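**Q** Fold the following.
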Amino acid sequence: MGELARYWHRCDDGRVQCDLCPRACRLRPGQRGFCFVRANEDGQLVLTTYGRSSGFCIDPVEKKPLNHFFPGTQVFSFGTAGCNLACKYCQNWEISTSREMSLLADTASPEQIASTAASWDCSAVAFTYNDPVIFAEYAIDTANACHEMGLASIAVTAGYISPEARRDFFAVMDAANIDLKGFSDAFYQQLTGARLQPILDTISYVVNETDVWVELTTLLIPGFNDASSDLRAMCRWILSELGPDVPLHFTAFHPDNRMSDVPRTPARTLTRARALALETGLHYVFTGNTSDPEGQTTYCPNCASPVITRDRYIIGSYHLDDQGRCAVCGHLIAGRFGDFEQTSRSFRGPRRVGIN
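**A** Residues are numbered from 1 along each chain as shown. Have a look, this model is predicted:
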């Protein structure tokens with residue numbers, strides 16, 4: 001039997017209802033939810049993937065992507081299997097759509113994960129590869145174990161989560177990259193099987209009501225969510241609801257999963273999207289999944305000096321003090337910064353590792 005889940009209740013008709021996400025799956029005995037990893041076993045809802053992983057890797061924090069959360073550090077990354085979205089273009093589909101529990105060959109307790117991450121000199125543990133919302137209990141326990149060892153916790157998520165679980169989940173996260181996959185409900189319904197409003201509610205909650213450092217990512221898919229009108233509307237919402245200092249990443253799509261016939265995102269689309277966002281008034285806008293040093297550099301919004309230069313995951317120069325102030329004008333750059341040492345490590349990830 002799996003680990004007893006925390007977000008569910010019994011229904012009058014004998015089923016159990018999962019209360020983790022807006023899908024509110026109602027399950028008869030033996031049935032699994034949309035995510036496939038939460039199941040009704042003997043009249044109780046259980047998480048079947050607790051303590052099981054599809055693998056552990058060490059990555060640069062910039063790969064999450066997080067550009068303003070202790071730049072240059074390395075994080076211990078892992079995921080499980082399944083997902084509560086059904087993105088036709090999922091680029092981790094082997095994991096997120098898996099129905100084979102044999103995929104989860106690696107096992108580890110929250111304490112083992114925290115200990116192993118510390119032994120590799122990681123600054124944080126990142127819950128990624130598939131959405132940590134669906135293994136919330138495991139992620140919450142692991143985040144608490146990390147905090148006991150002085151490590152941060154990072155969620156890489158689509159943010160499709162119910163208010164009660166959302167409160168508990170983000171209460172133990174130090175940083176999050178949240179996907180804002182598009183800015184129309186039609187896009188979400190047709191390409192992800194979800195709805196837009198719960199995502200917006202999650203983003204607004206985490207930015208405005210918690211201390212979690214948040215960055216947003218939009219994967220631009222040619223012909224689907226890259227229209228200038230949609231991008232302007234999204235950036236105006238970010239500015240009005242979240243403020244100008246939440247970093248936004250526009251990343252390049254590559255053909256995959258059920259959208260292998262859609263072309264790659266042209267570099268000019270990323271450049272156009274970034275320009276629109278900056279014109280709207282956002283301060284920190286980046287491009288990703290491409291080599292674009294200008295689009296991946298952090299510029300001071302006060303004096304326009306390049307304060308952190310990057311090309312993909314490689315930091316070329318760093319001009320902030322340990323409080324995150326611009327070395328030229330002293331303006332405070334939004335983010336979480338500390339004593340930066342140019343990494344002398346021979347890799348910038350990923351590196352697959354085992355559990356101690």
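
**Q** I'd like the mean pLDDT over the helix or strand hosting F170, please.
**A** Using DSSP states H and E, F170 falls within helix 163-171. Averaging pLDDT along helix 163-171 gives 97.

**Q** next one: stretch 186-204
**A** For stretch 186-204, the mean pLDDT works out to 97.

**Q** end-to-end on it?
**A** Stretch 186-204 has its terminal residues 20 Å apart, counting by CA to CA, to the nearest Å.

**Q** what does that stretch contact?
**A** 22, 84-89, 158-161, 163, 166, 178-185, 214, 216, 221, 224-225, 237, 241-242 (CB atoms under 8 Å, 6 or more residues apart in numbering). C-beta: built from backbone N, CA, C; applies to glycine.

**Q** Quick check on those: which are buried?
**A** Among the contacts of stretch 186-204, those classed as buried by 16 or more other CB atoms under 10 Å are 22, 84-89, 158-161, 166, 178-183, 214, 216, 221, 224-225, 237, 242.

**Q** Could you pull out the buried residues of stretch 263-276?
**A** T265, T269, L270, T271, R272, A273, R274, L276.

**Q** Please compute how far it lies from its chain's middle.
**A** Put simply, stretch 263-276 sits 21 Å off its chain's centre (CA atoms, centre = their mean, to the nearest Å).

**Q** Inside strands: which ones of the contacts of stretch 186-204?
**A** The strands, defined by DSSP state E, take in I178, D179, V214, L216 from the contacts of stretch 186-204.

**Q** farthest-separated two in the residues you listed?
**A** Farthest apart among those by CB to CB are D179 and V214. That separation is 11.6 Å.

**Q** what sits opposite the residue nearest in space to the middle of the chain in the beta ladder?
**A** The geometric centre of the chain, computed from its C-alpha atoms, lies nearest to V156 (CA atoms, centre = their mean), at 1.7 Å. For V156, the beta-bridge partners under DSSP bridges are N177.

**Q** quick one, what contacts it?
**A** By CB under 8 Å, 6+ apart, the contact list for V156 reads K64, A126, F127, T128, D131, P132, A176, N177.

**Q** I figured the fifth one was touching N84, is that so?
**A** What it means is D131. Yes - checked against CB atoms under 8 Å, the pair D131 and N84 is within contact range at 6.5 Å.

**Q** hey, what's in contact with both of those two?
**A** With CB under 8 Å, 6+ apart as the test, D131 and N84 both reach Y160.

**Q** Start from the N-terminal end of the protein and give the helices.
**A** For the chain, helices defined by DSSP state H occupy the ranges 93-96, 110-119, 136-148, 163-171, 185-192, 196-209, 228-241, 267-280.

**Q** Please work out how many residues are found near the nearest residue to E241 once chain neighbours are set aside.
**A** The shortest distance from E241 to any non-neighbouring residue, by CB to CB, 6 or more residues apart in numbering, is to S204 (5.5 Å). S204 has 13 neighbours, counted by other CB atoms under 10 Å.

**Q** And for W120?
**A** Other residues close to W120 by other CB under 10 Å number 14.

**Q** ok, the closest residue in space to it that isn't next to it in sequence to L27 distance?
**A** Nearest residue to W120 in three dimensions, chain neighbours excluded: I58, at 5.8 Å (CB to CB, 6+ apart). Going from I58 to L27 by CB to CB, to the nearest Å gives 37 Å.

**Q** Settle it for me: which of the two has more neighbours?
**A** Remark: of I58 and L27, I58 carries more neighbours, 22 against 19, as counted by other CB under 10 Å.

**Q** That one contacts V353, doesn't it?
**A** Yes - judged on CB under 8 Å, I58 makes contact with V353 at a distance of 5.9 Å.

**Q** what's the overlap in contacts for these two?
**A** Joint contacts of I58 and V353 (CB under 8 Å, 6+ apart) are F76, W120.

**Q** where does this structure have its least confident helix or strand?
**A** Comparing helices and strands within the chain by mean pLDDT, DSSP states H and E singles out helix 93-96 as the least confident, with a mean of 56.

**Q** picking that back up, could you figure out how far the helix holding F170 is turned away from helix 196-209?
**A** Here the directions of helix 163-171 and helix 196-209 differ by 40 degrees (axes from the mean of the first three to the mean of the last three CA atoms, to 10 degrees).

**Q** Packing partners of helix 163-171?
**A** Where contact means 3 or more CB pairs under 8 Å, 6 or more residues apart in numbering; DSSP states H and E, helix 163-171 is packed against helix 136-148, helix 196-209.

**Q** deepest of those, which one?
**A** helix 136-148 (a mean of 22; mean count of other CB atoms under 10 Å).

**Q** Pull out the buried residues from stretch 187-194.
**A** Buried, per 16+ other CB under 10 Å, within stretch 187-194: F187, Y188, L191, T192, G193, A194.

**Q** ok, so of those residues, who is nearest G33?
**A** G193 (13.1 Å).
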